[in-house]
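>>> Generate a structure from the sequence data that follows.
(chains A and B, ligands or ions: 2)
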2 protein chains.
Amino acid sequence: MDILILGAAGMVGRKLAEALLDTGRLGEGEIARLTLFDVVPSDLQSRGAVAVETRAGDIADPATVQALVAQRPDVIFHLAAIVSGEAEADFDKGYRINLDGTRLLFEAIRAQPDYRPRVVYTSSIAVFGAPFAEPITDDFVPAPMTSYGTQKLIGELLLNDYTRRGIFDGIGIRLPTIVVRPGKPNKAASGFFSGIIREPLAGVEAVLPVEDDVRHWVASPAAATGFLLHAATMDLAPLGARRCLTMPGLSISVAEMIAALREVAGDDVAALIRREPDATIRGIVAGWPRDFAPDRALAAGFTADASFQDIIRAHIRDTAAGG
Amino acid sequence: MDILILGAAGMVGRKLAEALLDTGRLGEGEIARLTLFDVVPSDLQSRGAVAVETRAGDIADPATVQALVAQRPDVIFHLAAIVSGEAEADFDKGYRINLDGTRLLFEAIRAQPDYRPRVVYTSSIAVFGAPFAEPITDDFVPAPMTSYGTQKLIGELLLNDYTRRGIFDGIGIRLPTIVVRPGKPNKAASGFFSGIIREPLAGVEAVLPVEDDVRHWVASPAAATGFLLHAATMDLAPLGARRCLTMPGLSISVAEMIAALREVAGDDVAALIRREPDATIRGIVAGWPRDFAPDRALAAGFTADASFQDIIRAHIRDTAAGG
Ligand SMILES: NC(=O)c1ccc[n+]([C@@H]2O[C@H](COP(=O)([O-])OP(=O)(O)OC[C@H]3O[C@@H](n4cnc5c(N)ncnc54)[C@H](O)[C@@H]3O)[C@@H](O)[C@H]2O)c1
Ligand SMILES: NC(=O)c1ccc[n+]([C@@H]2O[C@H](COP(=O)([O-])OP(=O)(O)OC[C@H]3O[C@@H](n4cnc5c(N)ncnc54)[C@H](O)[C@@H]3O)[C@@H](O)[C@H]2O)c1
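Ligands and ions are numbered 1, 2, ... in the order given. Here you go, the predicted structure:
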């Protein structure tokens, strides 16, 4: 099997690549080649029978994307994107990378004769915008409130149409907000959801800019990897023409997150969370979805994290393993 | 006032242009210039104080669109499109005209400094795909089953995002199937809805390829013109961020259409409808929406035709007036 990951140096892409290298398999297939593409070169090495090929480049460059697809990978994971805040700050860049990049990829696949790969596309719950139903069902209208959400949703529509046309066999998975995001704090407005767990566990104070009753839809990095692997191997025919699914997650309030942290790591750790309300962040978060009923994804065999306590414990294990 | 119509030589565009020329006004404003753009040159002439400027060109050509927008019209009606059947038969052409053309228009507006026109975009109920709720409410997920529907829906999403960004003041109106379409029969799968009225009224036999209980969502050409004029002049602020609305129509079965024809024009005319079931057309039509609850549009002051009898009578008047 020949596998391509676009956005392989990102948080989710890296976890996915490691999972593939750990087993050397995807479903029933043995992986011969794993191509890791990103603007930032990936530092993962070949392992066992899997030859890792690293390519650095821009997904918005047609020749670059055509060359990647010319290898005719069996499975393409498309994770390359700039995130919400950046797409909002830089209109051109967001449309160029998130929309044009996606379309270039799909067009490069169409240009290959007799080729119909599996394409797994990471969409986002940012395709939904207020006012929300609660919970948000699979029939609820996506109405994005950001350019990022708009671009992700357009990618979904293209994926559905290219799939319907038989150009590839596509599936789009709308990821919940991934918590606990490892590494340094980033500037995403959602950053505090990870920060209030990650920083205290590292003995560092964390700022909580919203009220304790704020509720959101989250999944762990491991759950995201699980979604991607399942999406790459499952039978897609039962999904029919609607190939984009909201992934299962946990609907959890900040208060419940903090209680889980206290339970897993103790009062002293939880005490490192400092409340410092920020009206701007509170305003942004007020426009985010709180709860979903992801029935189609559950019926298709996608599984959420068991509990937020488990998410915290997995983060502690990963951090210890990572050094 | 300076007004631009893209797709001005089409069925709806022509009716709109005539309505604007008839009154010389749009809402409170007097029209000074009306620019009619289409690949097919329009043959309408200046009238009264309105200077008509005719431009022939391709909406998918950036320089052409930039030149149109450089006139900085106050209101832009964007109706240029290739229809469902053609967009399905020619993948590249559909995406080029319906998607790229729309984006080029929006980008040309963005490139103009200190400019924020009203943009009225004609979307379609083809943004919805089976399985449907019945009636389809404003919160129901659009899931197109054709490339045309996909392209129209992407246009809606871009319109919402460009509007949210303050680039223009946009509104998208999802037109029902327009019945009675004047002129020659066309090859659209929906053509028979107009054909079974138009041909018998002209003393010509019409073929009905589906069962009498087939139900669909229709509006007259005059109603479509009314929607466009209202969309161009209404206050859009109350719509918030969701600027695309399903237009009101009549949910009517073929049997009810034929009964209305019999009532208005008599048994002999209705007898000119010949039943000749066509499995292909029946299959296509089975995937079409049957009924809507267009509450947002009704609340925003859009009004549907009073009855199908009235639609038939208006068609008879128009045909007589047209010669
Ligand atoms: N992390 C989340 O909470 C979350 C939630 C919903 C959806 N998603 C989506 O899941 C995917 C992965 O998320 P992540 O958290 O790993 O994001 P990330 O930002 O960590 O990774 C995205 C990767 O894409 C790469 N990239 C950006 N521009 C590129 C370009 N022009 N050419 C090639 N590569 C480019 C970046 O370098 C980065 O490594 C993204 O598509 C993201 O939008 C993430
Ligand atoms: N008629 C309907 O039942 C219906 C229903 C829903 C939506 N709509 C939409 O309403 C709009 C008007 O519909 P209509 O019935 O008048 O369609 P139409 O086909 O009669 O008119 C569309 C016009 O666009 C022009 N056009 C096509 N390609 C072009 C290009 N590259 N550059 C410039 N102009 C180009 C055509 O020449 C044509 O005159 C269209 O956008 C259509 O998709 C129509």
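>>> Could you use CA atoms for every contact and neighbour count after this?
Noted.
>>> What about the residue of the stretch 1-150 of chain A found nearest ligand 2, how many residues nearby?
Closest to ligand 2 within the stretch 1-150 of chain A is A:Val141: 19.8 Å, counting by Cα to the nearest ligand atom. A:Val141 sits with 20 neighbouring residues when counted by other Cα atoms under 10 Å in any protein chain shown.
>>> In space, what's closest to it - neighbours in sequence excluded?
B:Val141 (3.9 Å; Cα to Cα, 6 or more residues apart in numbering or on different chains).
>>> didn't that neighbour look like it was pressed against A:Ala143?
No. Here B:Val141 does not reach A:Ala143: they are 9.4 Å apart, not a contact under Cα atoms under 8 Å.
>>> neighbours around A:Pro62, how many?
A:Pro62: 16 neighbours (other Cα under 10 Å).
>>> try A:Ala202
12.
>>> Got phi/psi on it?
Main-chain torsions, A:Ala202, degrees, to the nearest 10: phi -90, psi 10.
>>> Let me know the distance separating it from A:Gln45.
29 Å (Cα to Cα, to the nearest Å).
>>> Can you name the residues that contact A:Glu205?
A:199, A:272-274 (Cα atoms under 8 Å, 6 or more residues apart in numbering or on different chains).
>>> these two touch, right, A:Ala80 and A:Val12?
No. In this structure, A:Ala80 is not within contact of A:Val12 by Cα under 8 Å, at 10.1 Å.
>>> Which one of the two is surrounded by more residues?
Neighbours were counted for A:Ala80 and for A:Val12 using other Cα under 10 Å; A:Ala80 has more, 24 against 20.
>>> in a helix, that's where the more buried one is, yeah?
No. Counting by DSSP: H, G, I helix; E, B strand; the rest coil, A:Ala80 falls outside a helix, being coil.
>>> Give me the neighbour count for the closest residue to it other than its chain neighbours.
Excluding its sequence neighbours, the residue lying closest to A:Ala80 (Cα to Cα, 6+ apart) is A:Gly7, at 3.7 Å. For A:Gly7, the tally of surrounding residues (other Cα under 10 Å) stands at 26.
>>> Show the pLDDT at A:Gly7.
On pLDDT, A:Gly7 comes in at 98.
>>> Touching, it and A:Lys15? I think so.
No. In this structure, A:Gly7 is not within contact of A:Lys15 by Cα under 8 Å, at 11.3 Å.
>>> what about the top helix by length along chain A and chain B, any contact?
In terms of residue count, the longest helix belonging to chain A (DSSP state H) is helix A:147-164. Yes. Using Cα under 8 Å from any Cα of the partner chain, helix A:147-164 reaches chain B at A:147, A:150, A:154, A:157-158, A:161.
>>> helices or strands up against the very next helix or strand once past that helix?
Next helix or strand after helix A:147-164 toward the C-terminus (DSSP states H and E): strand A:169-175. Packing partners of strand A:169-175 (3 or more Cα pairs under 8 Å, 6 or more residues apart in numbering or on different chains; DSSP states H and E): strand A:118-124, helix A:147-164, helix A:221-233, strand A:244-246.
>>> Just list what the longest one packs against, helices and strands only.
Meaning helix A:147-164. helix A:84-89, helix A:91-94, helix A:101-111, strand A:118-124, strand A:169-175, helix B:147-164.
>>> Would you mind writing the CA trace of that helix as CSV?
Provided in CSV are the C-alpha atoms of helix A:147-164 (Å, rounded to 0.1, in the frame of the first residue of the first chain):
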residue,chain,number,x,y,z
SER,A,147,-13.9,32.1,6.6
TYR,A,148,-12.2,28.9,7.9
GLY,A,149,-15.5,27.2,8.4
THR,A,150,-16.7,28.4,5.0
GLN,A,151,-13.6,26.9,3.3
LYS,A,152,-13.9,23.6,5.2
LEU,A,153,-17.5,23.3,4.2
ILE,A,154,-16.8,24.1,0.5
GLY,A,155,-14.2,21.3,0.7
GLU,A,156,-16.9,19.0,2.0
LEU,A,157,-19.2,19.9,-0.9
LEU,A,158,-16.5,19.4,-3.5
LEU,A,159,-15.6,16.0,-1.9
ASN,A,160,-19.2,14.9,-2.1
ASP,A,161,-19.5,16.0,-5.7
TYR,A,162,-16.2,14.4,-6.8
THR,A,163,-17.1,11.2,-5.0
ARG,A,164,-20.6,11.1,-6.6
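>>> Compute the distance from the centre of it to the centre of its chain.
Distance of helix A:147-164 from its chain centroid, counting by Cα atoms, centre = their mean, to the nearest Å, is 15 Å.
>>> Just the angle for that helix relative to strand A:118-124, thanks.
If you take axes from the mean of the first three to the mean of the last three Cα atoms, to 10 degrees, helix A:147-164 sits at 160 degrees to strand A:118-124.
>>> The longest helix of chain A near ligand 1 anywhere?
No. Figure legend: helix A:147-164 not in contact with ligand 1 (Cα under 6 Å from any ligand atom); closest approach 7.7 Å.
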